[in-house]
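>>> Kindly return the folded structure for what I paste below:
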Amino acid sequence: REVLQRFFAINNEHRMVTSRLMYAASYWLTGTINFHVIGAIGNLFLVGLGATLVLAVTGWERRLRMAVVFSFLMFQLEHFESFVWSGAAIDHFQVVMHALLAVVMLSRRTIAGCCAAGAFGLLATFTLAHGNVVWPLGALLLAHQRRWRELAGWCAFSVAAVATFLHGFELNPAHQVVELSAANFLRLARYWLALLGAPLTLGQAAYAPLPGALLLVALGFLARRGFATRQPVAFFGTLFAIGALTLIALGRAELAGGDVNSRYLIHGALAWALVVFMLLERVVETQPGRPFRPLA
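A predicted model of the protein is given here:
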C-alpha cells in the first residue's frame, strides 16, 4: 500500500506514475538509477511520437512530408536543454506520445481501437495533469465522426479515469494558480499565446504571442476546409497540444512570470509541426504533380 501511494502521490498537481515506474524498475533491476539510460529513454519517447505520426498517415509521399516537418520542428537546438537532460522533460515527452497514440487508435473506427485509446489515455493521465485533455478531445473526435455508441462508452470511462485522478487531489500551496477574472484574462491569454508561438521565436519570448495567434488562425483555416475529417490525427493532435498548453498556462502563468520553460516547447512544436503538415497537404492539392516543391 505504501509503494502504491508513492507511485500515485500528487506532486505539483501531477501524478507522474509512469516516470516513477521507470525509476523504480531501474532501481529494482540494477540496484541503482543510471541517468544516462533514463535520458536516452526520454528522448526515445519523442522518436516514438515521430514514428507514430509518420505511420498514421497513408502514402510514402505524405509520410515523407510528415517526417521532414516533424524533424525540423522537434530535433533542433531550441530543445537542447530537454534533450541533454530529458529526465526533467521525460514526462512531457511521454504525455504527447501517449495522447497521440490515443488519437490514432480512436481514428481507426474499431472497438479494439477504442479500447487501446482508453489505455493510452490512462497512461497520459497518469503521466502529467494535462494528459486529461485526451478525454474531452476523444469525445470531440467521436462526436465529429458521429460514433455515438463509442462516444457513450468513452464518456463513461473518462468520468472514471478523471475521478480517479482527482481523488485526494491538492494544489501545491507554493503554486499560485491564475484566478479567472477579467483583470487577469489578458495576461493569461498573452502567456498562452506565447506558449503556442515560442517554438518559432528562437528564445525571443517577447514576440512569441504573434506566431501563437497565427497558429490559431491557420488552424481555423484548416477547420473550414474539412481537415478534421480528412486528417483527423493531425487535426485532433493539434487540438491536444493546444489544450495541454491551455492547462499549463492556467497552472503556471503566475509561477513562470512570463518565461517559457524549455519542456513546454515540445507541445508548441508539435502543434506547429502538425499545422504546417496540414498546410502543405492543402498546397499539394493545388499542385498534384509536384508533391515535394512546397516541402522544399
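
>>> which residues touch the residue sitting nearest the centre point of the chain?
Nearest to the geometric centre of the chain sits Val96, at 3.6 Å (C-alpha atoms, centre = their mean). By C-beta atoms under 8 Å, 6 or more residues apart in numbering, the residues touching Val96 are Leu46, Leu49, Phe240, Ala241, Ala244, Ile266, His267, Leu270. (Glycine included, C-beta is placed from N, CA and C.)

>>> before we move on, what about Leu210?
Leu193, Gly197.

>>> Also Trp272?
Leu73, Pro199, Leu200, Leu215.

>>> From Leu214, how far out is the first one?
Which is Leu73. 15 Å (C-beta to C-beta, to the nearest Å).

>>> out of these two, which sits in the more crowded spot?
Applying other C-beta atoms under 10 Å to Leu73 and Leu214 shows that Leu73 carries more neighbours, namely 24 against 16.

>>> and that one, that one's in a helix?
Yes - counting by DSSP: H, G, I helix; E, B strand; the rest coil, Leu73 is part of a helix.

>>> Verify the stated contact: it with Val275.
No - with contact defined as C-beta atoms under 8 Å, Leu73 does not reach Val275; the gap is 9.9 Å.

>>> which strands and helices sit next to whichever helix or strand Val54 is part of?
In the assignment (DSSP states H and E), Val54 maps to helix 35-56. Where contact means 3 or more C-beta pairs under 8 Å, 6 or more residues apart in numbering; DSSP states H and E, helix 35-56 is packed against helix 17-30, helix 60-74, helix 90-106, helix 232-256, helix 265-286.

>>> In terms of helices and strands, where is Ala152?
Assigned by DSSP H and E, Ala152 falls in helix 148-166.

>>> what angle separates that helix from helix 90-106?
Orientation check (axes from the mean of the first three to the mean of the last three C-alpha atoms, to 10 degrees): helix 148-166 against helix 90-106 gives 160 degrees.

>>> picking that back up, quick one: which of the contacts of Trp272 has the most company?
Neighbour counts for those, by other C-beta under 10 Å, peak at Pro199, which reaches 27 neighbours.

>>> shaky segments in the stretch 101-250 of the chain?
Scanning the stretch 101-250 of the chain for pLDDT under 70 picks out the ranges 175-179.

>>> quick one: contacts for Ala269?
So Ala269 contacts Leu73, Met74, Glu78, His79, Pro199 (C-beta under 8 Å, 6+ apart).

>>> Give me the pLDDT for it.
Reported pLDDT at Ala269 in the predicted model: 93.

>>> Touching, Asn43 and Phe83? I think so.
Yes - judged on C-beta under 8 Å, Asn43 makes contact with Phe83 at a distance of 5.9 Å.

>>> Pop out the phi and psi values for His14.
phi -120, psi 160 (degrees, to the nearest 10).

>>> Give me the pLDDT value at it.
In this prediction, His14 has a pLDDT value of 83.

>>> and it, how far is that from Leu128?
5 Å.

>>> shared neighbours of these two, anything?
Shared contacts of His14 and Leu128, defined by C-beta under 8 Å, 6+ apart, are found at Asp91.

>>> and the two? which has more neighbours close in?
Shown here are His14 and Leu128; by other C-beta under 10 Å, Leu128 has more neighbours (26 against 20).

>>> pretty sure that one contacts Ala89?
No - counting by C-beta under 8 Å, Ala89 is not a contact partner of Leu128; they are 10.7 Å apart.

>>> ok, which pair from the contacts of Trp272 is furthest apart?
Comparing every pair within those by C-beta to C-beta identifies Leu73 and Leu215 as the most remote, at 12.0 Å.

>>> From the contacts of Trp272, which land in helices?
Residues of the contacts of Trp272 located in helices (DSSP state H): Leu73, Leu215.

>>> got the contacts of Trp272 as a markdown table, with distance to Trp148 columns?
Shown next, in a markdown table, are those (distance: C-beta to C-beta, whole Å):
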| residue | distance to Trp148 |
| --- | --- |
| Leu73 | 36 |
| Pro199 | 37 |
| Leu200 | 39 |
| Leu215 | 31 |
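
>>> Looking at the contacts of Trp272, spot the one nearest Pro136.
Checking the contacts of Trp272 one by one against Pro136 (C-beta to C-beta), the nearest turns out to be Leu215, at 19.8 Å.
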